[in-house]
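> Provide a 3D model corresponding to the input given below.
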Amino acid sequence: QEQEQEQEAHKPQEKKKKKEEVRPLLVLDVRGADEYASGHIHGAVSRPIGSFRSSLPEILRAIDTLRTKSGKEPEVVCICLSAHRSVPAVRLLLHEGVDAKQLNYGMMSWNAGKYPTTTQVFSLPGCETTAATETAAGAAAGGGSCSAPSSCAADEAGCGA
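Coordinates of the predicted model:
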């Protein structure tokens, strides 16, 4: 019985440790506006690959906002349909010193796993008003795109977008 009590005493600490290890997540969907509008991962922010480089300063500010708020280095996941368009986005972010990854096989993998998608528009952290307006305007003009997370479920990871 003492052993059971000792094990129980350690469980809250283990849970606390796991919670502390959770890093903020930023999912950048680099697909086109029509693809983003048709469905994306909850919390994913649209930043089409065609204009990704010009969006980089805004993305880096959002990453800094997440870092400042959480005290932890954010995990950044780029996603497209099949993981081809996300490669240049990840390379640009890595060049800037960002811990960036891509979702293997992109939205094809996400959809094959029957994970949920949404059509709700999300903004970069710290850019809520501007980004939402720009994304909506870009989507209406046919120039926007979507974002989605990698191998983690965005809802479980507490997507900061």
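> in this structure, which ranges drop under the pLDDT threshold?
1-20, 127-161 (pLDDT under 70).
> residue ranges of the helices in the chain, please?
Along the chain, the stretches classed as helices by DSSP state H are 2-21, 33-38, 52-70, 86-95, 106-112, 128-141, 154-157.
> buried set for the second one?
For helix 33-38, a neighbour-count test (16 or more other CB atoms under 10 Å) marks 33, 35, 36, 37 as buried. Placement of C-beta: from N, CA and C, glycine included.
> Which one of those residues is nearest to residue 124?
Distance to residue 124 across the buried residues of helix 33-38 (CB to CB) is lowest for residue 36, with 14.1 Å.
> quick one: that closest one from residue 27, how far?
Distance of residue 36 to residue 27, computed by CB to CB, to the nearest Å: 12 Å.
> Next: residue 67.
According to CB to CB, residue 67 and residue 27 sit 16 Å apart.
> Of those two, give the one with the bigger neighbour count.
Neighbours were tallied for residue 67 and for residue 27 using other CB atoms under 10 Å; the higher tally belongs to residue 27 (28 against 15).
> Might one say that that one is in contact with residue 43?
Yes: when contacts are counted by CB atoms under 8 Å, residue 27 is listed as touching residue 43 (5.8 Å).
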